[in-house]
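>>> Got a predicted model here, sequence first, then my questions.
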4 protein chains.
Amino acid sequence: MKKLIKGGTIVTAADIYKGDILIEDERITAIGAQLQSSDAEVIDAEGLYVFPGGIDPHTHLDMPFGGTTTKDDFETGTIAAAFGGTTTVIDFCLTSKGAPLSDAVQTWHAKSKDRAVIDYSFHLMISETNDEVLAELPEIIEKEGITSLKVFMAYKNVFQADDGTLYRTLLSAKKHGALVMVHAENGDVIDYLITEALAEGNTDPIYHARTRPPELEGEATGRAAKLAALADSQLYVVHVTCEQAVRQIAEARSKGFRVYGETCPQYLVLDESYLEKPDFEGAKYVWSPPLRKPENQDVLWNALKSGELQTVGSDQCSFDFKGQKELGRGDFSKIPNGGPTIEDRFTILYSEGVRKGRLSLNQFVDVIATQSAKLFGLFPRKGTIAVGSDADLVLFDPNAERTISVANHHLAVDYSAFEGMKVTGEPVSVLSRGQFVIRDKQFVGKAGSGQYLRRNRFAAS
Amino acid sequence: MKKLIKGGTIVTAADIYKGDILIEDERITAIGAQLQSSDAEVIDAEGLYVFPGGIDPHTHLDMPFGGTTTKDDFETGTIAAAFGGTTTVIDFCLTSKGAPLSDAVQTWHAKSKDRAVIDYSFHLMISETNDEVLAELPEIIEKEGITSLKVFMAYKNVFQADDGTLYRTLLSAKKHGALVMVHAENGDVIDYLITEALAEGNTDPIYHARTRPPELEGEATGRAAKLAALADSQLYVVHVTCEQAVRQIAEARSKGFRVYGETCPQYLVLDESYLEKPDFEGAKYVWSPPLRKPENQDVLWNALKSGELQTVGSDQCSFDFKGQKELGRGDFSKIPNGGPTIEDRFTILYSEGVRKGRLSLNQFVDVIATQSAKLFGLFPRKGTIAVGSDADLVLFDPNAERTISVANHHLAVDYSAFEGMKVTGEPVSVLSRGQFVIRDKQFVGKAGSGQYLRRNRFAAS
Amino acid sequence: MKKLIKGGTIVTAADIYKGDILIEDERITAIGAQLQSSDAEVIDAEGLYVFPGGIDPHTHLDMPFGGTTTKDDFETGTIAAAFGGTTTVIDFCLTSKGAPLSDAVQTWHAKSKDRAVIDYSFHLMISETNDEVLAELPEIIEKEGITSLKVFMAYKNVFQADDGTLYRTLLSAKKHGALVMVHAENGDVIDYLITEALAEGNTDPIYHARTRPPELEGEATGRAAKLAALADSQLYVVHVTCEQAVRQIAEARSKGFRVYGETCPQYLVLDESYLEKPDFEGAKYVWSPPLRKPENQDVLWNALKSGELQTVGSDQCSFDFKGQKELGRGDFSKIPNGGPTIEDRFTILYSEGVRKGRLSLNQFVDVIATQSAKLFGLFPRKGTIAVGSDADLVLFDPNAERTISVANHHLAVDYSAFEGMKVTGEPVSVLSRGQFVIRDKQFVGKAGSGQYLRRNRFAAS
Amino acid sequence: MKKLIKGGTIVTAADIYKGDILIEDERITAIGAQLQSSDAEVIDAEGLYVFPGGIDPHTHLDMPFGGTTTKDDFETGTIAAAFGGTTTVIDFCLTSKGAPLSDAVQTWHAKSKDRAVIDYSFHLMISETNDEVLAELPEIIEKEGITSLKVFMAYKNVFQADDGTLYRTLLSAKKHGALVMVHAENGDVIDYLITEALAEGNTDPIYHARTRPPELEGEATGRAAKLAALADSQLYVVHVTCEQAVRQIAEARSKGFRVYGETCPQYLVLDESYLEKPDFEGAKYVWSPPLRKPENQDVLWNALKSGELQTVGSDQCSFDFKGQKELGRGDFSKIPNGGPTIEDRFTILYSEGVRKGRLSLNQFVDVIATQSAKLFGLFPRKGTIAVGSDADLVLFDPNAERTISVANHHLAVDYSAFEGMKVTGEPVSVLSRGQFVIRDKQFVGKAGSGQYLRRNRFAAS
Ligand SMILES: [Zn+2]
Ligand SMILES: [Zn+2]
Ligand SMILES: [Zn+2]
Ligand SMILES: [Zn+2]
Ligand SMILES: [Zn+2]
Ligand SMILES: [Zn+2]
Ligand SMILES: [Zn+2]
Ligand SMILES: [Zn+2]
């Protein structure tokens, strides 16, 4: 079974050129100026960009949070991802104190198997570093190919780990070739600020932002970076939102430390004022860390351009406005955190990044796919268009114009985080390991076709 | 005429994979897992890396300086470059105040035509910005494809331009799509320090370094970066040697300014102590800016890794020790500045960078070739391995061990800057536009086969 | 002849306490809780602060500029200064290239002798550092007690010196115990920006600000600081206006270098928008460096508070709006630079600084008097209230409210730079060496009573 | 009862002048050039400096720690302090979780009453911020005049408070006019490092330093400063030892935040290598934070000079080498932390600071006395020489040379932290509220003559 994609403009993190791509079975076997293949299905890509499929390093599908569960699961979530040009997601496997890590992994396998329409993998949350956890960890890394560990510095009394746990995780990660990810906010102080806000009757969604000021993200980011440097380990800061945090990451990198940062589309194009929308609509825009003042957006774009930040994740975590976000009416701290972003990540980065001159085409591919593949041990199988790589491809019309809306998105959730936003550029067809998942803007895949990805150990790139 | 390079490990700024490369005429027409071609010459690359040919963005071949002329010209210089894995050089075309720019360009064409064995292009020095120069500039840029302009902040009363000239050049470059390059040292203060040193009888080579302290490079680098930011133009700082200068470039980039930096192999592996070699041998190590204290080397490597610096140029500028460097006996200020580095740039970066874990293979290709191609308007024709690109290729044995020495180098000059240095990795064969220049470590090219390259205008990447 | 000032609250750079001050002849001979003196005139200071007389380290009285001369001279200028609480001024003695330094000093003695009503001294401008100048300098320093040297980095083709001159002046100052002062703006680039603005028909006062952007002040400040550090000499940056410049000074100080900075009241309370006043009134607000965006004001106040800046000078340099500022109608570059600030410096710092909580009373005295005395070799004779010090005292009513206006000021110039500004606090009486110059808000001094002050050599404090 | 100190050179944080000081009862009532008093005892101070008595803002007298108690109590400790030129100490009152704050205060009153020979006050440790503590705090501040609160970020499971407690303490301090002091080290990570070191058999004193790296002090200092800024409160970082911490304080101050820092004599003159002394002698040099690499010393001196740090405390906390420090043989974590420094603080700062040109005489007084008085609500009663201030005075021979040694010190502890160090300058006589405590180098005071000082609320200075 062969396919020949003809006439597209192929873009990788380094290259741009016109060429044909030959796919045999699941992989790319040749790229040429005028490839011929008598037995291949020919797909016309004239006038289109051919990008490597996006890699979303940060999703929460079918995730329980505060007594409810995200609306989108591995089926609806990955279908939407595919529509949006993403062909790999790495989801967070949440663990519980006292239970074996392997239980959590099995739970996540159960959630995703037979559901995902694109390939997927897991990060593993670490909430404690006792002897049992430290003993089990190498085996999980080896057997499951889970080479990234997540530590929370916030969500006091829920997910939050102390600095000793973070430090030990960094040491263990170094030893076993894993990358430590942190949610960097000072949870102790946030906990107090929330209590105070509620005590003073400040219960509206905007207080979510006011009780999580950027200073506390900057502080925690700097703390994590310094601990990583001291441990001579590797650190990846998820969902960076503000100048204070960017500066801490840049300073560490400038000294040669292996510190990396991710931002998300919502922080690049939305701002704090959305939390003040009337009729509780602000609740739709409750992420942690929260949306920030608009001047941070330029800082984040510059950081992607100059290489101070490496990746863009969606932090997809969708809850219906009706019935789920509404749990926080009268108490912003009960609003489930997160929003639907998995489908729009790719196009927003293209439209707001490339089209507006903030990123080159190569930089776009780098932040949307290649860097995540490299940092999370999927390269060169994923994240690029090269001979031998999986044929995870996006045929992208750079001039298509459309308006993002709940009316046309493919998630199950009942609203869009970017409702009404006009974007330029749209995936036309998307292939996962050589099979169309999206063809001519129609879903043609099937649940369960996505494979679980065992990943390589961390290697500094 | 076709060639098929089989079985190598292809490395670009983004990718690493095994594949075969098909070359038709001068260009790459296909890359595949198992390419077949009945009429192609097959070259076995098994066990070798296939890198894009190096691009050396900074050479001085056949250049007059202080009453003498560099020993190596476009023939010996480019032969050595080719042996070292470099397939494109961009040389500096020196202008004289009062004379038309086109005169200088013609002079450089005369020097290079029928001599170069690899492709080449020119940067154009700007020493004044009067109405004549500003009027002639757009035409030169258009007709000659010279899209980079060099301004000297040092060499008082010789090359040095004042800040007004630099600023106007930045504005003109912005308007016409050129990149401004600066030699960043404070020439006024250096001029005084040299005068004083000589007056005090301090005439040995080490005083070359002592009269050009890193503070003065940091100062001038910061000044140029601030003027570029104010002009909203693009700036490339050549031969960055020290922490002070790196910090200034990083700060500008972090704010989103189009400021770029280059370092050179000599600053990465040699240090100031070489200038103290006895018997005037220190004169061999006289570059401007001078070699620095060794702690700067880590700073430079980190800057390449983190993207604070983008390229590595050789600043090749060779003078015989006998008869040329010796002009400065008894007066260090008369030592011709520069050294032979064109041949070893590529391998030193591989050996000291990749093999010692300071750079990934992708980063190596980026700094040795791709970034220069992008910044100087040669991409994607040069600087990568992709369908449609020139077949400028290096077949590289990553495990070959050898010792750099004047006894085995291919330059005309009578010493090696890296004499005795053991390196791992060596180009086996080198192709320029599909033709072997070096084959199995033998020169098989011919003078004049190199073409002059008209370059595209600057586009931020 | 004795005076006894009773019941005031005495404030110095360190202390605040109630006490009586006994003055004998020109000096303070005792301070006590309840001093008695049968033969002293008793002055009641109950309810008043007793401050050391202000020291204004930066004035231009009777100064020629662009074909005209400041309206205020050593008589009107020092009378206004005294009304404002200032008892010492240090004026800039301008030199001409090619003429002996002593000529300029004699000219300034002629301007000031028999005119000044308070004590005064001179800084000496250095515009070239040839053998004659360097030979004459030690003698001037010794004989005239002129221990501060001014170098201009701007005013191309008028006052501007190159970096070599600045560097040699720094070295000479170090050797002979003088402090180098710089006007820090990049004159080369400003010169071009002015030419361009005028060529484009942009002739209004606001273009004065637009052609002298803060980046160029920051650049020059950093350059001067780095040269001072390299020379291991001492540097004082006059009239600092913006964050960019403050950061450079702070960075140098943090590394232990002897770098100091001065700001002026106009930069603390006015902003760039004043230059846009209609009917050419913007010309009244033409200073170099220009007024800045308002966000710089907080930076300057913080810098005074934290010790990043040490002093506040007036940069008094007054030209009538009618007939003088008007020389620049149709060409902003012909507007004489400067404004009337000598009288209001002291009160504005009290009113906007102390009353608004930005400075403590001690810090107020430090920046308005003590630091200037220490940096310029007048301490402890001037700048404090201590036994043995000159009885230069200000009896200050902290609660008096008034409105600054040309209608009530004491300068000859025809407008006030702070017209309409409401301030709290006012000098009631002012003594210079024990004699009233101002008594109960009336001038009671006489021209010529001020003495020329030979100053001590620089000593780091 | 009057005293007249004649002919000394009086030095304050601002002034230096010759003068006589008249003391009536406990206070200074006059300062003059030639004071006469028929009924006063005349003390000759010719050739001596007269300094305000030193204020030591950081002592631990009679303090329990790890099952033992400091060798020196309020009697021996204050006698030694007085010999060393210190006339006020502020000791830390340690609280226990669950017990009323007032219990701790009463305990400390009991320790000090009838023992101290100079005046003293208390800081209050805050280890939790529950409703009881927050309710009791205003009363303690009001009644006891305790206007400084200490929070520990280290000593896990002993003194350490979490960030929420620190933040609430900052808010409470702002509300009630107190200054929050922090011991800034990351206790969680240190706890792990200690456990690991011991597990690996690394039990020697040097591991005390290796398990408390400067990165962890820098981290915690930055964290505390950011929380103080967010709370818009005031913060004082005790015992700053390293560049990392200084940078964090300087950055906060530069932005206008009320963040202050203290260093100690041991960090200015000793270094990490002392911990490697043989025969367990390294234990004598166990402080937390630990002694650092010597390059930090210049950073600390510069920070005192430039005003980035404000004070020098002793952190006096003495344990005998025999029997007490020895508790840590075989386990460095059991070595009681601290050393004897109260007596030498003053002279070391003079000898190493003033005599070596690192501090001016005014700066010396500022850091040794005045700034502590201002920050801790004792000014102008203490910390200066002014009319109305307590006659706490040091008559200091600037040229006396001596060698610090356990053989001649006045503490009870069995070793000297600065054994063998040659210093220049020595207190000859010391007065506390007008009474000699030390006269001609002999102790003439008596236990219990020191008074407890109720302090004013914090006011930014
Ligand atoms: Zn998160
Ligand atoms: Zn998340
Ligand atoms: Zn150069
Ligand atoms: Zn060069
Ligand atoms: Zn000026
Ligand atoms: Zn001026
Ligand atoms: Zn402590
Ligand atoms: Zn302590």
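That came in fine, so what should we check first? Numbering: from 1, shown residues only, chains lettered A, B, ... in the order given. Ligands and ions are numbered 1, 2, ... in the order given.
>>> ok, A:Tyr267 - how many residues close by?
Counted with other C-beta atoms under 10 Å in any protein chain shown, the neighbours of A:Tyr267 add up to 23. (Glycine included, C-beta is placed from N, CA and C.)
>>> How much space separates A:Asn456 from B:Val365?
21 Å (C-beta to C-beta, to the nearest Å).
>>> scratch that, A:Phe92 is what I was asking about
34 Å.
>>> okay, those two: which has more neighbours?
Shown here are A:Phe92 and B:Val365; by other C-beta under 10 Å, B:Val365 has more neighbours (30 against 23).
>>> Let me know the secondary structure of the more buried one.
The assignment at B:Val365 comes out as helix when based on DSSP: H, G, I helix; E, B strand; the rest coil.
>>> And A:Val428, by the same measure?
strand.
>>> thought it was touching A:Lys441?
Yes. With contact defined as C-beta atoms under 8 Å, A:Val428 and A:Lys441 form a contacting pair (6.2 Å).
>>> and the closest residue to chain B within the stretch 101-250 of chain A, what are its phi and psi?
Closest residue of the stretch 101-250 of chain A to chain B, C-beta to the nearest C-beta: A:Ala250 (5.9 Å). With angles defined as degrees, to the nearest 10, A:Ala250 sits at phi -60, psi -40.
>>> Now do the contacts for the closest residue to it other than its chain neighbours.
Using C-beta to C-beta, 6 or more residues apart in numbering or on different chains and skipping residues adjacent in sequence, the residue nearest A:Ala250 is A:Glu308, 4.3 Å away. Applying C-beta atoms under 8 Å, 6 or more residues apart in numbering or on different chains, we find A:Glu308 in contact with A:Val246, A:Ile249, A:Ala250, A:Arg253, A:Gly261, A:Asn302, B:Ser254.
>>> What's the PyMOL line that selects buried ones from the residues you listed?
A single PyMOL command selects the buried members of the contacts of A:Glu308 (16 or more other C-beta atoms under 10 Å in any protein chain shown):
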select buried, (chain A and resi 246+249+250+253+261+302) or (chain B and resi 254)
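>>> Now tabulate the contacts of A:Glu308 in TSV and tack on secondary structure.
Below are the contacts of A:Glu308 laid out as TSV (three-state DSSP):
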residue	secondary structure
A:Val246	helix
A:Ile249	helix
A:Ala250	helix
A:Arg253	helix
A:Gly261	strand
A:Asn302	helix
B:Ser254	helix
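>>> Could you work out the most separated pair of the contacts of A:Glu308?
A:Arg253 and A:Asn302 (14.2 Å; C-beta to C-beta).
>>> what about dumping the CA coordinates of the longest helix seen in chain A to PDB?
Taking DSSP state H as the criterion, chain A has its longest helix at helix A:214-231. C-alpha atoms of helix A:214-231 as PDB (Å, rounded to 0.1, in the frame of the first residue of the first chain):
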ATOM      1  CA  PRO A 214       2.300  36.300  37.800                       C
ATOM      2  CA  GLU A 215       4.800  37.000  40.600                       C
ATOM      3  CA  LEU A 216       4.000  33.500  42.000                       C
ATOM      4  CA  GLU A 217       4.500  31.800  38.700                       C
ATOM      5  CA  GLY A 218       7.800  33.600  38.200                       C
ATOM      6  CA  GLU A 219       8.900  32.700  41.700                       C
ATOM      7  CA  ALA A 220       8.100  29.000  41.300                       C
ATOM      8  CA  THR A 221       9.600  28.900  37.800                       C
ATOM      9  CA  GLY A 222      12.900  30.300  39.100                       C
ATOM     10  CA  ARG A 223      12.800  28.000  42.100                       C
ATOM     11  CA  ALA A 224      12.400  24.900  39.900                       C
ATOM     12  CA  ALA A 225      15.100  26.100  37.500                       C
ATOM     13  CA  LYS A 226      17.500  26.600  40.300                       C
ATOM     14  CA  LEU A 227      16.800  23.200  41.700                       C
ATOM     15  CA  ALA A 228      17.300  21.600  38.300                       C
ATOM     16  CA  ALA A 229      20.600  23.400  37.900                       C
ATOM     17  CA  LEU A 230      21.700  22.300  41.300                       C
ATOM     18  CA  ALA A 231      20.700  18.700  40.500                       C
END
